[in-house]
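K.L.:
The following comprises the amino acid sequence and a computationally predicted model.
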Amino acid sequence: QKLKVQNVLASLGALDAALQCIHAPLTRQDGQQDAGARRVFCEVYAFLAKVVERNEALQKELLKYWELLIQHVVLLDGEAVLEAMLHNNPAVIRDIGPTAIRFAFDAITVKKRHRAGWVVVLMRALKCDGNLIKDNLALALMLFRKSEEAMGMVMKTDSAWDRRIKLMTSGDLYLPCGNSQLQFHLSVIRMLALAGEGKNPAYEVFAAHYFSLRDLIHVLLRPTVDSKGVEHRVPHAVLATVKQSFIKMFHEVYVDPVVVRLEEELMREENGLWSIAAADRALLGDCPLMHALKHEIQVFADQLKRFGGTIPAAGVDTVLAVGRYICLGVLPMLQDYFDEIYPRLKGSEDHKKTAQELFDVSKELFEAPFPPEMQTLDVDGETVDGRECAFDLVNVMMKKSHIGL
């Protein structure tokens, strides 16, 4: 339906009319930017992004105006139009992918536009239809390493950790016009996670350099506890959004890696996954990650049962944020873990008991009444059916790990 609307608008000349607007001067005769022209340009770029999004023909049509577009998009914070042009279009990515990558890094590092949209432009040029574009990824990681001070919103030091918590409690995530520093930070984490998707040893080591396994488990277990041990109240939707980015990195870099050292870290006893070493309990707490994930799945399954297939209007944003974290983050990670790692793990009886409980709550989630909104979850351009994610995990746990039989 959306493609039809886009094509009708194009056939009526709306795209051509919009493109004519951006030929107009953006500055006055005195060299200052014209406020009225700026508003018009911003509206035009927002319109163009909507018109060409996921429409291959119109994306290619807009490509003809690339040189004109890049004169304005940084000044106008119009990166959304570049995202829309690149989104899942192999021809456009082939033509301008490397140029777009360099342009986005320049916007972030030189022009200081620390906006999540520019990182999303990078990711659009790195992945198409679920497949990584290896040459583009190599270029992006090389540029990342050269500019990691500007890009490296990884927040590992105590002061940076506390800053992330402050952003989580301040409402920064919902700042308008792409100005959220927390969103920028999370986008950088998701881009680093892409390094692990290619199953290239050098890229996995690159990503692990920024976050050790312990770092990631720390974020996933105690994201709201500051460096002084004080716990802060964070809205559920914000917490789920933060954890979704980090569990994605945990999944892509440490679950089923090609680097033996990283796999050994994941299988080591008392690493925080199934049990926690006494020396780490001050940092990680007493609840291992698998126990925490089991509890989160159970709470979410119980919530869906109470809703009976219809999310209350007042809670839609929170439920969808938690749903994206569980269905797009937790369940796929567990699926790969129980497919590749668990069958080779010499687990204790406690491991087996927790694994059985994880199976039980995942089965409960699969059987829960999923509302329509949970059947088309979308993040970074990927759309997934939440119930299918639960089914895939249950199926793998039975067939590969022999749990639940």
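P.N.:
All right, it came through fine.
K.L.:
Going by C-alpha atoms from here, please, whenever you check contacts or count neighbours.
P.N.:
Fine.
K.L.:
in stretch 124-144, what's buried?
P.N.:
124-128, 132-133, 136-137, 140-141, 143-144 (16 or more other C-alpha atoms under 10 Å).
K.L.:
Kindly indicate which of the residues you listed lies nearest Ala49.
P.N.:
If you rank these by distance to Ala49 using C-alpha to C-alpha, Arg124 comes first, at 13.8 Å.
K.L.:
Can you tell me the closest non-neighbouring residue to Ala321?
P.N.:
Once flanking residues are discounted, Ala321 sits nearest to Ala237: 5.2 Å by C-alpha to C-alpha, 6 or more residues apart in numbering.
K.L.:
Need phi/psi at the one you found.
P.N.:
Note on Ala237: its backbone torsions stand at phi -70, psi -40 [degrees, to the nearest 10].
K.L.:
okay but it is in contact with Val319, surely?
P.N.:
Yes - contact criterion C-alpha atoms under 8 Å: Ala237 and Val319 qualify, at 7.5 Å.
K.L.:
Go ahead and measure how far stretch 363-372 is from the middle of the chain.
P.N.:
23 Å (C-alpha atoms, centre = their mean, to the nearest Å).
K.L.:
no no, stretch 223-242
P.N.:
Mean-position distance between stretch 223-242 and its chain equals 18 Å (C-alpha atoms, centre = their mean).
K.L.:
Just the terminal-to-terminal distance for that stretch.
P.N.:
Its first and final residues considered, stretch 223-242 spans 8 Å by C-alpha to C-alpha, to the nearest Å.
K.L.:
In this structure Gly97 contacts Ala125, no?
P.N.:
Yes - taking contacts as C-alpha under 8 Å, Gly97 lies within contact range of Ala125: 5.2 Å.
K.L.:
what is in contact with the two at once?
P.N.:
86, 136 (C-alpha atoms under 8 Å, 6 or more residues apart in numbering).
K.L.:
now, among the buried residues of stretch 124-144, which is nearest to Asn88?
P.N.:
Of all the buried residues of stretch 124-144, Cys128 has the smallest distance to Asn88: 4.6 Å, by C-alpha to C-alpha.
K.L.:
Mind listing what's buried along stretch 334-347?
P.N.:
Neighbour-count burial for stretch 334-347 flags 334-342 (criterion: 16+ other C-alpha under 10 Å).
K.L.:
repeat for stretch 226-235
P.N.:
By neighbour count on 16+ other C-alpha under 10 Å, the buried set for stretch 226-235 is 226, 234.
K.L.:
Quick one: end-to-end distance for it.
P.N.:
Distance between the two ends of stretch 226-235: 16 Å, counting by C-alpha to C-alpha.
K.L.:
ok, so what distance separates the nearest residue to Thr109 once chain neighbours are set aside from Ala195?
P.N.:
Nearest residue to Thr109, sequence neighbours excluded (C-alpha to C-alpha, 6+ apart): Ala150, at 5.6 Å. The spacing between Ala150 and Ala195, counted by C-alpha to C-alpha, is 18 Å.
K.L.:
who has more neighbours, the two?
P.N.:
A count of neighbours by other C-alpha atoms under 10 Å puts Ala195 above the other of Ala150 and Ala195, at 28 against 15.
K.L.:
ok, that one touching Tyr203?
P.N.:
Yes - between Ala195 and Tyr203 there is a contact under C-alpha under 8 Å: 5.2 Å.
K.L.:
Just confirm His218 is within a helix.
P.N.:
Yes - assessed by DSSP: H, G, I helix; E, B strand; the rest coil, His218 belongs to a helix.
K.L.:
just for the stretch 251-400 of the chain, where's the confidence low?
P.N.:
Along the stretch 251-400 of the chain, segments meeting pLDDT under 70 span 379-382.
K.L.:
Which parts of it are helices?
P.N.:
260-267, 281-284, 289-307, 316-324, 331-336, 349-367, 386-399 (DSSP state H, counting those that start in this stretch).
K.L.:
Buried residues, the first one. List them.
P.N.:
Neighbour counts using 16+ other C-alpha under 10 Å place 262-263, 266-267 of helix 260-267 among the buried residues.
K.L.:
Arrange those residues in CSV, one row each, with distance to Cys389 as further columns.
P.N.:
Output for the buried residues of helix 260-267, formatted as CSV (distance: C-alpha to C-alpha, whole Å):
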residue, distance to Cys389
Leu262, 25
Glu263, 24
Leu266, 23
Met267, 24
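K.L.:
And the helices in the stretch 1-150 of the chain?
P.N.:
Using DSSP H, counting those that start in this stretch, helices in the stretch 1-150 of the chain cover 2-11, 14-21, 35-52, 56-63, 66-69, 79-86, 90-109, 116-126, 134-146, 148-151.
K.L.:
Kindly report which one of those helices carries the lowest mean pLDDT.
P.N.:
Among these, helix 148-151 carries the lowest mean pLDDT, at a mean of 75.
K.L.:
Mind giving me the packing neighbours of that helix?
P.N.:
Contact here means 3 or more C-alpha pairs under 8 Å, 6 or more residues apart in numbering; DSSP states H and E; on that basis helix 148-151 packs against helix 90-109.
K.L.:
relative to helix 79-86, how tilted is the helix it packs on?
P.N.:
150 degrees (axes from the mean of the first three to the mean of the last three C-alpha atoms, to 10 degrees).
K.L.:
what is the orientation angle of helix 90-109 with helix 56-63?
P.N.:
Here the directions of helix 90-109 and helix 56-63 differ by 50 degrees (the same axes, to 10 degrees).
K.L.:
what residues does helix 90-109 touch?
P.N.:
Contact with helix 90-109 is made by 59-60, 63, 74, 85-86, 113-115, 118-119, 121-122, 125-126, 128, 136, 139-140, 143-144, 147, 150-151, as judged by C-alpha under 8 Å, 6+ apart.
K.L.:
what about the spatially closest residue to Asp317 that is not a sequence neighbour, distance to Phe206?
P.N.:
What sits nearest to Asp317 in space, not counting adjacent residues and going by C-alpha to C-alpha, 6+ apart, is Ala237, at 7.0 Å. Ala237 sits 30 Å away from Phe206, going by C-alpha to C-alpha.
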